[in-house]
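Asker: Structure, please.
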Amino acid sequence: MRQLLRTPAGLAGTTLVTFMVVLAVIGPPIWGAEAERIDPAAILQGVSDAHPLGTDNLGRDILARVLVAGRLSLFLALLTTLIGAAVGIVLGALP
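Answerer: Below is the predicted model:
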C-alpha cells in the first residue's frame with residue numbers, strides 16, 4: 001500500500017475512490033430530498049448557480065441526483081467485484 005501511494009497515479013486513484021465513498025455516504029442524507037423534488041418551473045434548465053449541472057425533464061437537479069445515485073453505483077460495483085472474485089476462486093480451484 002505504501003508503494004501505491006508513492007506514485008502519482010496511485011495517490012490520485014486512492015483519493016478519487018475515497019472521495020466517492022465519502023460522497024456516497026453523505027450524499028443521500030444531504031441531497032436526497034432535493035434529488036426527488038419535482039419543480040415544473042425548472043424543467044430542462046441549463047447550467048446556473050441554482051443548478052450547476054442543470055435540470056432534467058421533471059425539473060429535478062441533476063447534480064443532486066448524481067450525488068444520491070453514487071451510493072447505488074458504488075454498491076453495485078462492490079457487489080460485482082465480490083461475485084466475480086467468488087466465481088473466479090471456485091473456477092480456479094476446480095482444476
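Asker: For the residue nearest the centre of the chain, give me its contacts.
Answerer: For the chain, the residue sitting closest to the mean C-alpha position, by CA atoms, centre = their mean, is Gly70 at 2.5 Å. Applying CB atoms under 8 Å, 6 or more residues apart in numbering, we find Gly70 in contact with 20, 23-24, 27. For every residue, glycine as well, the C-beta is placed using N, CA and C.
Asker: and these, which of them are in helices?
Answerer: Among those, DSSP state H puts 20, 23-24, 27 in helices.
Asker: Quick check: the gap between Val32 and Val47.
Answerer: For residue 32 the amino acid is Gly, not Val. Look at Gly32 and Val47: by CB to CB, to the nearest Å, they are 22 Å apart.
Asker: quick one: Thr14 and Leu5 touch, right?
Answerer: Yes - Thr14 lies in contact with Leu5 (CB atoms under 8 Å); the separation is 6.3 Å.
Asker: Let me see the residues that make contact with whatever helix or strand Gln3 lives in.
Answerer: Following DSSP states H and E, one finds Gln3 within helix 2-6. Applying CB under 8 Å, 6+ apart, the set of residues contacting helix 2-6 from outside is 10-11, 14.
Asker: And for stretch 30-48?
Answerer: Residues contacting stretch 30-48 (CB under 8 Å, 6+ apart): 50-51, 53-61, 64-65, 67-69.
Asker: All set now, cheers.
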